[in-house]
Every structure is written in C-alpha cells, then in structure tokens.
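*Asks:* heads up, no residue letters with this:
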C-alpha cells in the first residue's frame, strides 16, 4: 500500500475536528467537517481496493497450491509405474520434479498465511474508518445544532476537543503497525548482507547438486522398497 495512504488513514483515525479547524483560518468549520468526512469515504475506497488485491493474491496462491499438490500426487503414481517397468531414469526425473514442487509449497503456504493476515488487518482498518466517520458525522450534527443556539454555546462547542482514550490510542497504534507491514510487503524488503566470492559460490552450487542427487537416490530406493513389498 502506498505510503501516502498509510499516512492519510493514520491522520484520519487520530485527528479531530478541533485540530482541523484550528489549523485552517478563514474557513467555515462546517465546510472543514464535511470535507473531512468525504476524505474518510475516499480512504475507505482506497483500502477496499488494497483489500481486493490481497484477496485476489490469496485466491491465486490457493489455486497454485492445490495444483502443485495435485501434480505431486500424480508424479508419485508415475514414479511407481516407472519402477515397475524398470525405468529408473524416468523415476529419477519424476522425483526431481517432486523435489522442486516441495520447495515451492512452503512459500505458497506462507503467502496464503500472509494474505489472510493482511486481509484481516485491512478489514479492521475499514471498520475503524467507518467508526471514525460515524463519530465525525455525530460531531457535525452537534455542531449544526449548536449554530442555532447562543454564541456562548457555539464557542463552547468549538473549543472542545475530541478526547482519545488510551484504548483507542492502542488500537490506532496497532492499525498503523498493520499498515506498515502491508507497505513493507508491497514495496519489498531490501536485501542485505554480502555475497560469496565466485569460487565459493561455485563450490556451494556443486555441493547442492550432489546433495540433490543423493536425495533423489534415497527416495528412489525407498519407493523401490515399498513397491517390492506390495
């Protein structure tokens, strides 16, 4: 989510009409209040757009996970068939593909979990903004009523601030933290650390390939044993 949206939502949730009016001279308070309410509507729409993106991402990851699991099961059947026909070369190729799929599954599961958490956080933001809108609408209603009363009453209303309890402060802080996490996911986490030199990287790549072949042979032997027992 864009940083500008994060800041706008945080300002809306933590702000008050009193501070808005004090910050703008020569502007009718009712105009400021009405504009603030319209801004909440815009912010809610923006958050809903982000929510839609997150929900779509979760759906895509779910579909991909189901497809990869299906491929893995299908490969298991083909591996057994290849072994029965004494085609170890085909079995090894299928096992290699299975290992690739298994490397992707945890990432897909983590993506689904992250999207689910973001979805919950964004829904919380929408609820918070809607609650703030109701609060502002009530303040606007009270302000309009005060304009029909005496100047003293009007002055009293305009000088009164909107108190924010400790509980609300904590909720706002939690919501801001949620948006920061979403923004970090949207912009990407900057990489750190140093890379190995070319010689070390080559050796590590060779070691990884040896380990991979070893895993393939171990799984092939295990599947052969299971097939022979049937």
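*Replies:* Done, it's in. Because the structure is a prediction, the values reported are computed rather than measured.
*Asks:* Look through this structure and tell me its longest helix.
*Replies:* Secondary structure of the chain per DSSP state H: the longest helix is helix 88-146.
*Asks:* Could you give the average pLDDT over that helix?
*Replies:* Mean pLDDT, helix 88-146: 89.
*Asks:* Show me what it is packed up against.
*Replies:* For helix 88-146, the elements it packs on are helix 3-14, helix 17-23, helix 29-84, helix 151-158, helix 166-187, helix 198-229, judged by 3 or more CB pairs under 8 Å, 6 or more residues apart in numbering; DSSP states H and E. C-beta coordinates here come from the backbone N, C-alpha and C atoms, glycine included.
*Asks:* I'd like to check the angle between that helix and helix 29-84, please.
*Replies:* 170 degrees (axes from the mean of the first three to the mean of the last three CA atoms, to 10 degrees).
*Asks:* how about low-confidence regions in this protein?
*Replies:* 1-30, 147-202, 230 (pLDDT under 70).
*Asks:* can you count the residues close to residue 66?
*Replies:* Using other CB atoms under 10 Å, residue 66 has 11 neighbouring residues.
*Asks:* how does this structure divide into domains?
*Replies:* 3-190, 196-230 (automatic domain parsing).
*Asks:* any chance you could read off phi and psi for residue 85?
*Replies:* phi -100, psi 10 (degrees, to the nearest 10).
*Asks:* burial measure for residue 207, as a count.
*Replies:* Neighbour number of residue 207 under other CB under 10 Å is 10.
*Asks:* contacting residues for it?
*Replies:* If you count contacts by CB atoms under 8 Å, 6 or more residues apart in numbering, residue 207 has none.
*Asks:* Now do it against residue 214, distance only.
*Replies:* Going from residue 207 to residue 214 by CB to CB, to the nearest Å gives 11 Å.
*Asks:* One more: residue 65?
*Replies:* 27 Å.
*Asks:* Those two: which is more packed in?
*Replies:* Remark: of residue 65 and residue 214, residue 65 carries more neighbours, 17 against 10, as counted by other CB under 10 Å.
*Asks:* tell me which residues in stretch 62-72 are buried?
*Replies:* Buried residues in stretch 62-72, counted by 16 or more other CB atoms under 10 Å: 62, 64-65, 68, 72.
*Asks:* ok, the residues you listed vs residue 86, which is closest?
*Replies:* residue 72 (23.4 Å; CB to CB).
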